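Colleague: what follows is a predicted protein model with its sequence.
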Amino acid sequence: MENSTEVLSFVLSAYGNIGEIKYLYFSMILLWYLSICVNNAAVIMVIFMDKKLHEPMYILLCNLLANEIFATTLVYPLMMSQMFLDTHEVTLPWCFLQMCCLSTSASIEFCSLAAMAYDRYVAICCPLHYNIIMNTRRVGTITVLVWMYPFINTMFSFSLIVHLKFCGNVIDKLFCDHHLVIIIKLACSVSALNKLSDLLYAFVTIVVPFSLILVSYMKILAVCLNTSEESRQKAVTTCTPQIVSLSGLFIGLIFYSTDFSSDADLMSDRVRSFFTLSLLIYQPMLTPIMYGFNLPKIKQSLKRFLTTHIQTVPHSEENLSFHYGQKINVFQD
């Protein structure tokens, strides 16, 4: 093993010296972060308040929406605070905590999509047994697994790397990056067990959930090919947001891999920073938009919620009868 000094903090060198433009960056990031939190929280609140949405599909969706808030909260506040610091240092415990939580969040994203794909498979392929299979107890078990499975995987993976020695403390990123810090650049030596655990973590985090997603949608496709046009249209309507979310997730992973494997001399710092953050820029905003505006029940419930809580004009008898009739029509739909 190479000689190493005790590392107490890491330096995030990707910030550099951005001068007065940091105020513009801060405002943009703060606005985007608040928008992500508000949009995801709004859909969660609508699902929570509308008893008609207390169905397995929407309960599982809340896991995905909550994870979007969780993931962005792990990165955006740190970025905003680092813009006004001169050293851009992050202590070792906080850096490991951020790496651990981000790894857990990435796994939760895949597990949530896998759980929702399974729910759509049961609803489309076994509609007569849906209420029996997706009962309250099973949905609760799936929800616990969506959060516990990633947590256990991450704890096992990080238990093998927290005792590594480091030969440097400069991270060419905007936040603490697992692979860059531990495997590639800063660890003085990486054992075969550490490399094996990292590959195993990637397998259980990405390959296993994606396999479940792939099998579910293949079975859904097989059933849709033998059904009526109306049934196919309903299946497409409920599955499209999940497919878009999954596609966006893999596009972000491609961007991350491009940044991870690219030569620093061939790519500007701003481009590298965008590739690093791309998944945390569009995915948390894409999820509530796709589900909030594409699923009819959520869209209708959101309209009712806004009509009820934002309208400040006092209701006359005519207005009350109008809204009562509108509500009856929604229930009939």
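Modeller: Sure, I can see it.

Colleague: helices of the protein, start to end?
Modeller: Assigned helices in the chain, in chain order: 22-49, 56-82, 92-125, 130-133, 136-159, 178, 192-202, 208-224, 229-261, 269-294, 296-310, 317-332 (criterion: DSSP state H).

Colleague: can you point out the buried residues in the first one?
Modeller: Judged by neighbour count using 16 or more other Cβ atoms under 10 Å, the buried positions of helix 22-49 are 26, 29, 32-33, 36-37, 39-40, 42-44, 46-47. The way it works is simple: take the backbone N, C-alpha and C, and place the C-beta from them, glycine included.

Colleague: nearest to residue 171, of those?
Modeller: Closest approach to residue 171 among the buried residues of helix 22-49 (Cβ to Cβ): residue 29, at 19.0 Å.

Colleague: quick check: that closest one vs residue 283, distance?
Modeller: For residue 29, the distance to residue 283 equals 16 Å [Cβ to Cβ, to the nearest Å].

Colleague: picking that back up, can you put the buried residues of helix 22-49 in CSV and add pLDDT?
Modeller: Formatted as CSV, the buried residues of helix 22-49 follow (pLDDT from 0 to 100):
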residue, pLDDT
26, 89
29, 91
32, 94
33, 95
36, 94
37, 95
39, 92
40, 94
42, 90
43, 91
44, 93
46, 90
47, 91
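
Colleague: can I get those in TSV including distance to residue 111?
Modeller: Shown next, in TSV, are the buried residues of helix 22-49 (distance: Cβ to Cβ, whole Å):
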residue	distance to residue 111
26	33
29	28
32	26
33	24
36	20
37	22
39	22
40	17
42	23
43	19
44	18
46	23
47	19
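
Colleague: who's in contact with residue 53?
Modeller: Residues near residue 53 by Cβ atoms under 8 Å, 6 or more residues apart in numbering: 46, 47, 297, 298, 301.

Colleague: isn't the first one up against residue 303?
Modeller: No: counting by Cβ atoms under 8 Å, residue 46 does not reach residue 303; the two are 9.8 Å apart.

Colleague: common neighbours of these two, please.
Modeller: Common contact partners of residue 46 and residue 303 (Cβ under 8 Å, 6+ apart): none.

Colleague: tell me the contacts of residue 212?
Modeller: Taking Cβ under 8 Å, 6+ apart, we find residue 212 in contact with 114, 117, 118.

Colleague: scan those and report the most crowded one.
Modeller: Neighbour counts for the contacts of residue 212 (other Cβ atoms under 10 Å) peak at residue 114, which has 26 neighbours.

Colleague: so how far is residue 67 from that one?
Modeller: To residue 67, residue 114 is 13 Å away according to Cβ to Cβ.
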